[in-house]
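Chemist: Sequence first, then the predicted structure:
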Amino acid sequence: MGSIKSNYFNMLLVQKQLIEALKNGLSSLFEIQANDLVLQETKKEFEGSYTFVVFPFTKQAGLAPAAIAEKLGQFVLENYSGVKKFQVVQGFLNFSFTDDVWINALNKIIEGSQKFSLDKKGEKVLIEYSSPNTNKPLHLGHLRNNFLGFSVAQILDAAGYDVIKTNLVNDRGIHICKSMLAYQLTGQGETPESSGIKGDHLVGKYYVAFDQLYKSEIDVLIKQGIDPEKAKKEAPILLKAQDMLLAWENGDQEVMDLWKTMNTWVFAGFEKSYAQMGVNFDKIYRESNTYLLGKKLVDEGLKEGVFYQKEDQSVWINLEEEGLDEKLVLRKDGTSVYITQDMGTAQLKFEDFGAKKSIYVVGNEQDYHFEVLFHILKKLNKPYSHGNFHLSYGMVDLPSGKMKSREGTVVDADDLMAEMVQTAKERTMELGKTDGFTEEASNELYQQLGMGALKYFLLKVDPKKRMMFNPEESIDFQGNTGPFIQYTHARICSITRKAMESGIDLMNRHANGVELAVTEIDLIYILGQYKSIIETAAEAFSPSLIAMYAYDVAKQFNKLYNELSILKEEDENKRNIRLTLADITGKTIQHAFSLLGIVSPNKM
RNA sequence: GGCUUCAUAGUUCAAUGGAUAGAAUGUAGGUUUCCGGUACCUAAGAUGAAGGUUCGAUUCCUUCUGAGGCUACCA
């Protein structure tokens, strides 16, 4: 079990008082001044709620662990009336509390549930995510990126930051020209309207077409006896694409027109995909607008001696002191490279928003690139150079192996989302759950369930880790899945609806003296952790912590639901406490899921 | 080759240096009164290998084995 890390403010009163009592105990019994005491959750097999580990104090106290624990436990029991009993197991000191302590905690949680978000910090954070290329449609990897970026933005917002969401679209470069060239050669004036193909998919089709043409040209050259490496570099169609890039950079009218037209198609397609994903941005940047900006920074850096120029006029930075190599920042012909653009974009974003913290949601294959970028910004001594963080996420693997766009083994984002929604529809209709629904309401529900399943599946895993995407498991609605939690929420709504119809006030404070069951205490315990979880998830940029927490809450509630009656409980005090617990559980799930970008329907 | 990330039940995922390594799924059983059974309960099942540091190692260090990624005047 993990420790309970949290700033003091978000802790329950129980924890605060226990920590104070332990501090006093340590100082008056052993003259040990300890500042940051950490509590742990007591493991299920042992009695108690919080555990204090005394091993670290054995030397200072000069006693065996069990002896320290015994004395300390006795001290706390005598000085803090909320403690019911303590137990010593080796060096572990376990505390149990009175029911009144938990009822007070519940009352505190009721107040807190009016507003789950933490207080405003008055600090801006910029988050850049999505960052698609405009030469092909989005795939599964982009889904992880978009869901992650959006969710982290939501979490930071809930943690009190002022969040700005940006998207840097890569709309220029040789890869874009490849689609354009293939279209010029074989497109015959096809448009999204004429073909009925979504714009980004249509452009992607020509990107694939280019690759096929390119490969067949290479084959021909190789058969003519040309060295394969040479053939790859000299295939006519590739040379044409390079020419086209030059023409683009020179503003050639025909090329620009085609580029604009095809970009318009792609953007229209992306708009639809983003709408379906439920993500959005405060500002979209395009590399075609920002790629020249970095040059100014290179000039500055040259004057300050951060960069240096080689004989051929190319500009470099030496990062050997940082354990890296020399890195090129400007080509010998004066054109910018990828990192030059990113320097420029960083500067531009800072000028636009003035945020000193910046998060880049980009795959881990670019770890090195961002390491270099952040070092460069530091050397340039920029005001925003110390708040940069590369939220590096792992690749999504398929059971069949790695996704490779050129080999056609990618899972298309639009297809997958449609499939998830369709599956949700089939499952729900089999169960006859939407019988009283209008068609519109049903379709909305299928959206929420299908997308909920997909988002939860991708977000429950630690972002840093590589993950396996198994299509069959992702559409599972049982176990640790989005729909399981959504179902728990819907069931709670049904209960609270009935309670409200009979005029029960769910948000009332509860009086002391009611006896609580273990499952009730466990649920109060978990519900009381929510704000700390938000805080931790924000620090770690980790939606998976929120996802796991929501699952724990749902499971703990289902356990209670099976063991105890809620509406049918005859003792009014007990019934009201359980109704309050149900209500707060529902609200907590709903809020946690909103941080993941998932909707929790009231009925399903 | 150099740098880097990862390796946990059959499978997919958890575990600030702490107790008997948790879930889910799958398998085998089970649930008097079911407020919504997409639920709940029980059982079997795992730290790649070898060393080291520590009262204590899945976690930190070293070596090995295996799998990714980076190593472009592409983006």
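Modeler: Nice, I can see it.

Chemist: In three-state terms, label the closest residue to residue A:124 other than its chain neighbours for me.
Modeler: Spatial nearest neighbour of residue A:124, chain neighbours left out: residue A:355 (3.8 Å); criterion: C-beta to C-beta, 6 or more residues apart in numbering. Where C-beta positions appear, they are placed from N, C-alpha and C, glycine not excepted. Assigned by DSSP: H, G, I helix; E, B strand; the rest coil, the conformation of residue A:355 is coil.

Chemist: pretty sure residue A:355 is touching residue A:125, no?
Modeler: Yes: contact criterion C-beta atoms under 8 Å: residue A:355 and residue A:125 qualify, at 6.0 Å.

Chemist: thinking again about what came up before, need the contact list for the residue nearest to residue A:124.
Modeler: A:124, A:125, A:126, A:164, A:349, A:384, A:387 (C-beta atoms under 8 Å, 6 or more residues apart in numbering).

Chemist: what's the answer for residue A:201, then?
Modeler: Here residue A:201 is in contact with A:137, A:269, A:412, A:414 (criterion: C-beta under 8 Å, 6+ apart).

Chemist: and if we set it to 6 Å?
Modeler: Contact analysis of residue A:201 by C-beta atoms under 6 Å, 6 or more residues apart in numbering lists residue A:137.

Chemist: list the buried ones in the host helix or strand of it?
Modeler: Using DSSP states H and E, residue A:201 sits in helix A:199-223. For helix A:199-223, burial by neighbour count (16 or more other C-beta atoms under 10 Å) applies to A:199-211, A:213-214, A:217-218, A:221.

Chemist: Now do the helices in the stretch 451-600 of chain A.
Modeler: Under the criterion DSSP state H, counting those that start in this stretch, the stretch 451-600 of chain A carries helices at the ranges A:471-474, A:482-501, A:518-527, A:530-540, A:543-563, A:572-595.

Chemist: What mean pLDDT does the second one get?
Modeler: Okay, so that is helix A:482-501. Average pLDDT, helix A:482-501: 94.

Chemist: again, but for the fifth one
Modeler: For helix A:543-563, mean pLDDT is 96.

Chemist: Tell me how many other residues surround the residue found closest to residue A:530 once you drop the neighbours it is linked to in the chain.
Modeler: In this structure, residue A:530 finds its nearest non-sequential neighbour in residue A:588, 5.6 Å apart by C-beta to C-beta, 6+ apart. Counted with other C-beta atoms under 10 Å, residues neighbouring residue A:588 total 25.

Chemist: For residue A:315, see how far away residue A:142 is.
Modeler: Applying C-beta to C-beta, to the nearest Å, one obtains 33 Å for the distance of residue A:142 from residue A:315.

Chemist: er, residue A:600 actually
Modeler: 53 Å.

Chemist: swap in residue A:286?
Modeler: For residue A:286, the distance to residue A:315 - C-beta to C-beta - is 24 Å.

Chemist: Comparing those two, which residue is more hemmed in?
Modeler: With neighbours defined as other C-beta under 10 Å, residue A:286 and residue A:315 compare such that residue A:315 has more, 22 against 17.

Chemist: Does residue A:163 belong to a helix, a strand or coil?
Modeler: The local conformation at residue A:163, judged by three-state DSSP, is strand.

Chemist: Residues in a beta bridge with it, which ones?
Modeler: Listed by DSSP bridges, the beta-bridge partners for residue A:163 are residue A:125.

Chemist: Could you tell me how many residues sit around residue A:246?
Modeler: Residue A:246, neighbours per other C-beta under 10 Å, totals 11.

Chemist: same question but for residue A:279, I mixed them up
Modeler: Neighbourhood size, residue A:279 [other C-beta under 10 Å]: 21.

Chemist: and what of residue A:332?
Modeler: 13.
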